[in-house]
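Undergrad: need the 3D shape of this:
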Amino acid sequence: MKIIKSVTSEGISYIDDSGSQGYVDFKQCNENWIQYRKRSENLSEERVIELRKRSKCVGQRDICARPRFIEFFTKPFTRFEFIECDEYPDAEKAFCKLRNDIISAGWITLDLS
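TA: Okay, here's the model as predicted:
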């Protein structure tokens, strides 16, 4: 289970399952999202420029999934799962805190629920 250390406007610092430091760069996640949209929707360069101006998407989330998760558009994707445990005694509250921290940092995630 990944343990979140901090969330800033730049990204998330965390400890991964093996105890190593990890980092999610929000700007890179957003660029990966834009490039995905460009390919999947066959967007023109003009549309991509417009999308860059307004898109703040960095990942996707599902509070109804079991386990709940927030997943970032890193390569490969980085997923934070929220299950009841010592680190997250209230998984739903921990999920909502990360979701709100991302919003406070100026970014959004797609709601899959």
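
Undergrad: residues near residue 61, how many?
TA: 23 (other CB atoms under 10 Å). (Glycine included, C-beta is placed from N, CA and C.)

Undergrad: contacting residues for it?
TA: Counting by CB atoms under 8 Å, 6 or more residues apart in numbering, residue 61 makes contact with 68-71, 95, 99, 109-113.

Undergrad: of the residues you listed, which is the nearest to residue 83?
TA: Taking CB to CB as the measure, residue 83 sits nearest to residue 68 out of those, at 7.8 Å.

Undergrad: just to revisit the earlier point, most surrounded residue in the contacts of residue 61?
TA: Result: residue 70 is most packed of the contacts of residue 61 (other CB under 10 Å), 24 neighbours.

Undergrad: in strands, which of the contacts of residue 61 fall?
TA: 68-71, 109-111 (DSSP state E).

Undergrad: want to throw the residues you listed into TSV with distance to residue 57 and pLDDT?
TA: Putting the ones in strands among the contacts of residue 61 into TSV (distance: CB to CB, whole Å; pLDDT from 0 to 100) gives the following:
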residue	distance to residue 57	pLDDT
68	19	94
69	16	97
70	12	98
71	12	98
109	7	98
110	6	97
111	11	97
